[in-house]
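J.: For reference, the sequence and a predicted model appear below.
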Amino acid sequence: EPEVTQTPSHQVTQMGQEVILRCVPISNHLYFYWYRQILGQKVEFLVSFYNNEISEKSEIFDDQFSVERPDGSNFTLKIRSTKLEDSAMYFCASSEQERLETQYFGPGTRLLVL
Amino acid sequence: DQQVKQNSPSLSVQEGRISILNCDYTNSMFDYFLWYKKYPAEGPTFLISISSIKDKNEDGRFTVFLNKSAKHLSLHIVPSQPGDSAVYFCAANSMYRTNTGNQFYFGTGTSLTVIP
């Protein structure tokens, strides 16, 4: 069964550094998403991406964040200057249609900012 | 702004018995609700959904009940099996894209342990 993959599984970085989290969505999917879950808290929506542009973003997704689909297969989340509070599990998801229940989630990248 | 709440962080149930996971929401514009299941080191996977035109949706051992007046939904698992042990997230949105847009809102999750 096709699945969403994410790399790396864990990343440790120093505050102020840039990080890029990578995702490979399911190949025929058209909609892509990033979510995060701070330890012990709820899963939060960050951004959705369709047709090579952001279709929606939450308040969390400020100017420090950006997304890109650089080569038609990868979908990346960049945090330009990480803060301590960016430490979280980041989930990528993709869907063939713009339907909530058809989003397939990757296993997540655990980001730790020191 | 906790629009979706799961007040029980954990639940333990004997194998074969019923598991009941609860979820409350505050935004009256929500009309579409989902349950996701998450195993350790994996992303959430869709389990079952319900729209506000229904008060019950059943899929095998899983049934979701919606009480719109109380802004409450619950997931029933009968009979519970050890493989059901996971974290269960409730999520909500509006299908009609009003003030909630494209995103949906998750609860904090309930960790279910089914004891053999």
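T.: In hand now; what should we look at? Residues are numbered from 1 along each chain as shown, chains lettered A, B, ... in the order given.
J.: what ranges do the strands span in chain B?
T.: Residue ranges of the strands in chain B, as given by DSSP state E, are B:4-5, B:10-14, B:19-25, B:32-38, B:45-51, B:56-59, B:62-67, B:72-77, B:86-93, B:105-106, B:110-115.
J.: so what does the helix or strand of chain B with the lowest mean pLDDT touch, helix or strand wise?
T.: Ranked by mean pLDDT, DSSP states H and E, the weakest helix or strand in chain B is strand B:105-106, scoring a mean of 86. Here strand B:105-106 touches strand A:43-50, strand B:86-93, going by 3 or more C-beta pairs under 8 Å, 6 or more residues apart in numbering or on different chains; DSSP states H and E. C-beta here means a position set from N, CA and C on the backbone, and glycine is covered the same way.
J.: Please identify which of those is closest to B:Ser19.
T.: Nearest of the helices and strands packed on strand B:105-106 to B:Ser19, taken as C-beta to C-beta: strand B:86-93 at 8.8 Å.
J.: Show me what from chain A comes close to chain B.
T.: The interface of chain A toward chain B, taken as C-beta under 8 Å from any C-beta of the partner chain, is made up of A:4, A:40-45, A:48, A:55-56, A:58, A:91-93, A:98, A:100-108.
J.: Could you tell me which of those are located in strands?
T.: Per DSSP E, the subset of these in strands is A:43-45, A:48, A:55-56, A:91-93, A:104-105.
J.: Only whichever of these are buried, select them in ChimeraX.
T.: Buried members of these, defined by 16 or more other C-beta atoms under 10 Å in any protein chain shown, are picked up in ChimeraX with:
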select /A:43,44,45,48,56,91,92,93,104,105
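J.: Kindly present the ones in strands among the residues of chain A next to chain B as TSV, with separate columns for distance to B:Tyr39.
T.: Converted to TSV, those look like this (distance: C-beta to C-beta, whole Å):
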residue	distance to B:Tyr39
A:Val43	14
A:Glu44	20
A:Phe45	21
A:Ser48	25
A:Ser55	29
A:Glu56	28
A:Phe91	13
A:Cys92	17
A:Ala93	16
A:Tyr104	14
A:Phe105	11
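J.: Dump the ones in strands among the residues of chain A next to chain B to TSV, plus distance to B:Phe30 and pLDDT.
T.: Shown next, in TSV, are those (distance: C-beta to C-beta, whole Å; pLDDT from 0 to 100):
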residue	distance to B:Phe30	pLDDT
A:Val43	16	87
A:Glu44	16	89
A:Phe45	14	88
A:Ser48	18	90
A:Ser55	20	88
A:Glu56	17	86
A:Phe91	21	94
A:Cys92	24	94
A:Ala93	20	92
A:Tyr104	23	87
A:Phe105	21	89
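J.: ok, of the ones in strands among the residues of chain A next to chain B, which one's closest to A:Arg69?
T.: Nearest to A:Arg69 among these: A:Cys92, at 11.5 Å, using C-beta to C-beta.
J.: list the contacts for that closest one?
T.: A:4, A:6, A:21, A:23, A:25, A:32-35, A:75, A:77, A:105-106, B:43 (C-beta atoms under 8 Å, 6 or more residues apart in numbering or on different chains).
J.: Out of the residues you listed, which is nearest to A:Asp63?
T.: Distances from A:Asp63 to these, taken by C-beta to C-beta, are shortest for A:Leu77, at 13.8 Å.
J.: tell me which parts of chain B are close to chain A?
T.: Residues of chain B lying near chain A (C-beta under 8 Å from any C-beta): B:2, B:4, B:32, B:34, B:41-46, B:49, B:89, B:91, B:93, B:101-109.
J.: Drop anything exposed from those residues.
T.: Buried, going by 16+ other C-beta under 10 Å: B:4, B:32, B:34, B:43-44, B:46, B:49, B:89, B:91, B:93, B:102-109, out of these.
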